[in-house]
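*Asks:* 3D, please:
(one chain, ligands or ions: 1)
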Amino acid sequence: MAKQPIQLIPRMTAKGPFTVEVPGQTPVEGETPVRRIPKAIPEFITEPEAGITTVLELVQNAVRKYGNAKLMGSRKLVRTHQDKKMIKKVVDGEEVEVEKSWTFFEMSPYEYISYTDYETVILQLGAGLRKVGLEKGDRVHIFAATSQNWIATAHGAASQSMPIVTAYDTLGEEGLRYSMVATKAKAIFLDPHLLPTLTNVLAVATAVTTVIWNSQHQVNQEHVDKLKTAYPHINILNFDELRKLGEENPVDIVAPVADDLCCIMYTSGSTGTPKGVPITHRSVVAAVAGASAIVQQFIGPGDGLLTYLPLAHILEFVFEHAAIHWGATLGYGNPKTLSDASVRNCNGDIREFKPSVLIGVPAVWETVKKGIIAKVNAGSPVVRGLFWGALSLKEKLMASHLPGSGVLDAVVFKKIKEATGGRMRLCLSAGGPVSKETQKFISMAICPMIIGYGLTETTAMGSLHSPLEWTAESIGGPTASVEAKLVDFPDAGYFATNKPNPQGEIWLRGPTVLKEYYENAEETAAAITADGWFKTGDIGEWDKNGHLKIIDRKKNLVKTLNGEYIALEKLESIYRSAPVVANICVYADAQQAKPVAIIVPAEPAVKKLAATLGVEGDDLSALIHNKTVHLAILKELQAAGRAGGLSGIEIIDGVVVVDDEWTPQNNLVTAAQKLNRRGILEKYKKDVAHAYGTA
Ligand SMILES: Nc1ncnc2c1ncn2[C@@H]1O[C@H](COP(=O)(O)OP(=O)(O)OP(=O)(O)O)[C@@H](O)[C@H]1O
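*Replies:* Numbers count the residues shown, from 1 in each chain. So this is what the prediction gives:
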């Protein structure tokens, strides 16, 4: 398929409606008619290309088509640099000096592997797994950060019909134990620094016979020895040794079929204990097919896709498979080394790899946006004026379909585009709600940002914008392998009959949708209907273009004191636009009339705010404890809420400004950067009571 250029100007050029009612339906009370995109009528598109029914076939088809082209590249760690500095911190109201150290990474340039050589590697890995005693159907656990060896291990396993089980590398011992015992994995591939976490778990995960550590990283030999001593019967080797074993002991491929299990993946756990989702080969290829029908015409050989989100999350897993199918080049990066800020003597991954397509979860885009704003604001008043003037002019030109935005791109936005490598053509935000302002900002300043929506249970399918249908008002139409309807949620007043737009819980059905949870009959019964509909728990609306729009999640609707519902995620996406916010969790106590916000502050914005208030000092921790600054932060948030159209009961009553960052490591966000609401609330319980004035 010839690659179409993407219009670099974000704008809806295609004419809606983009979805249609599936013909021949009998109306059901309390539900909207079922809708699909026209391409999915009369049949869903289930194969990305005729004959591709499994992940292995997808990879081998790409190898035949793209042969010696670069498939993927990685960087090696050359050395780390440590910087130490004394900083002031307020602990229990007292100012103390503490030592803080920063680590900077020095990375090598990217080294690439071709499609053809990759196939050789994965077949050898598959043979290696056979040599260490695994058979068709045996499960291979993957407990590691995203890397080339992660996906190669998954494909090696697929070449012998062995399903993988994924676990986030940020998972602690308890989470790992749970998934390893439940799935009875026989082998585990992991990053070497996680060996100590594994060692204790092996006492109960007794099915494990082989441990493979990722040789892209340094190992601590003591960790290996400890494991060997504790479990002499377990075979421990590294990725390279496994590949070599396979090279020396080749075996035939044992090809999986479409309905075989490809993977057991756990939901990210933002709303409770993660649930296991069995994903078949059919679902993965149908997901690639569904997304390809919308965006493949724009992405292909020559495109570079930076890959750094966790592969244990369905979004990244499907995205990487799609990229392989499209003949693109994957550049593996790490959240720690993406930007130039945390590396030494080299470029960050973005500027080194120069991606043309970038996918991120909303938290990533917020950081990118705030980084750009901080840089612009640090410039002279002329630079600032030019930037903001150009941004609003570009929006106006686009809205009225007038030419001229190309000049603005060439003159004003060039530097910003260069900071992302200068090749960017398309951004995708998915995995959670991104604010309209951020979507527009990135779309104007860098390149069009489209939105994807999906869940682990639906193999990341749900909806996806075509770049031709760009808008900041919706999340696009269903992809070509899924259909959607909205079902009444009377408690909160969402009805299919609502005017002007029908509203309700989004239900999805199609070949990418799970049939059942892994060994969890109760959750299965609650979430999946007899005729195959999956109840997403997300509240949506059909807009006039036939696009979906997410209004909230059922689990994040809170009924407050006066009986009205507050939609936490909607509020967060609006308050997040306040410059002082780096991250935010809105909390609404059912015993109170209004919500409060807990925020991680954006340092440059807080400093700027303090300066305008005449508050002296350079230490963030001291500034956020200053009463004047605190009050100004609250006011800024309330103003953002009003500007975003929130009603009186949605305007926050208080704010908790915290000192810590929220990371998957401290368990305040999940590995997919979603808020762990319970964890956050537990940690800041006292401060929240204070913000409500009930302490
Ligand atoms: N573009 C989007 N806009 C708004 N919300 C989105 C978008 N994409 C995904 N989501 C949210 O993410 C959810 C799916 O997330 P995922 O499958 O990663 O599990 P989780 O919800 O994080 O985990 P758990 O179910 O364990 O809490 C969707 O139900 C939806 O609420």
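
*Asks:* just the pLDDT for residue 401.
*Replies:* Looking at residue 401, its pLDDT stands at 64.

*Asks:* close to the ligand: what parts of the stretch 501-650 of the chain are there?
*Replies:* 536-538, 550, 553 (CB under 6 Å from any ligand atom). Quick note: C-beta positions are derived from backbone N, CA and C, even for glycine.

*Asks:* which two from these end up farthest apart in space?
*Replies:* 537 and 550 (11.0 Å; CB to CB).

*Asks:* all the helices of the stretch 251-400 of the chain, residue numbers only.
*Replies:* Secondary structure of the stretch 251-400 of the chain (DSSP state H, counting those that start in this stretch): helices at 281-295, 314-326, 349-353, 362-378, 381-399.

*Asks:* of all the ones you listed, which lies closest to residue 597?
*Replies:* Short answer: helix 362-378, nearest of the helices of the stretch 251-400 of the chain by CB to CB, at 14.7 Å.

*Asks:* give me the mean pLDDT for that closest one.
*Replies:* 82.

*Asks:* for stretch 30-49, same thing?
*Replies:* So the average pLDDT for stretch 30-49 ends up being 98.

*Asks:* return the distance of that stretch from the chain's centre.
*Replies:* Distance, stretch centre to chain centre, for stretch 30-49: 25 Å (CA atoms, centre = their mean, to the nearest Å).

*Asks:* what ranges do the strands span in the stretch 101-250 of the chain?
*Replies:* 111-114, 140-143, 164-167, 187-190, 210-213, 235-238 (DSSP state E, counting those that start in this stretch).

*Asks:* okay, those in JSON lines with mean neighbour count, mean pLDDT and distance to the ligand next?
*Replies:* Shown next, in JSON lines, are the strands of the stretch 101-250 of the chain (neighbours: other CB atoms under 10 Å; pLDDT from 0 to 100; distance: least, CB to the nearest ligand atom, whole Å):
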{"stretch": "strand 111-114", "mean neighbour count": "16", "mean pLDDT": "98", "distance to the ligand": "29"}
{"stretch": "strand 140-143", "mean neighbour count": "26", "mean pLDDT": "98", "distance to the ligand": "17"}
{"stretch": "strand 164-167", "mean neighbour count": "26", "mean pLDDT": "96", "distance to the ligand": "12"}
{"stretch": "strand 187-190", "mean neighbour count": "26", "mean pLDDT": "98", "distance to the ligand": "22"}
{"stretch": "strand 210-213", "mean neighbour count": "25", "mean pLDDT": "98", "distance to the ligand": "26"}
{"stretch": "strand 235-238", "mean neighbour count": "17", "mean pLDDT": "98", "distance to the ligand": "31"}
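
*Asks:* for residue 454, which of these is the nearest?
*Replies:* strand 164-167 (16.2 Å).

*Asks:* for the closest residue in space to residue 368 that isn't next to it in sequence, list the residues it contacts.
*Replies:* The shortest distance from residue 368 to any non-neighbouring residue, by CB to CB, 6 or more residues apart in numbering, is to residue 442 (6.7 Å). Neighbouring residues of residue 442 by CB atoms under 8 Å, 6 or more residues apart in numbering: 365, 368-369, 427, 449.

*Asks:* overlap between these and the residues near the ligand?
*Replies:* Okay, of those, nothing touches the ligand (CB under 6 Å from any ligand atom).

*Asks:* adding neighbour count, write the residues you listed out as a markdown table.
*Replies:* What follows is the contacts of residue 442, written out as a markdown table (neighbours: other CB atoms under 10 Å):
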| residue | neighbour count |
| --- | --- |
| 365 | 22 |
| 368 | 24 |
| 369 | 23 |
| 427 | 24 |
| 449 | 25 |
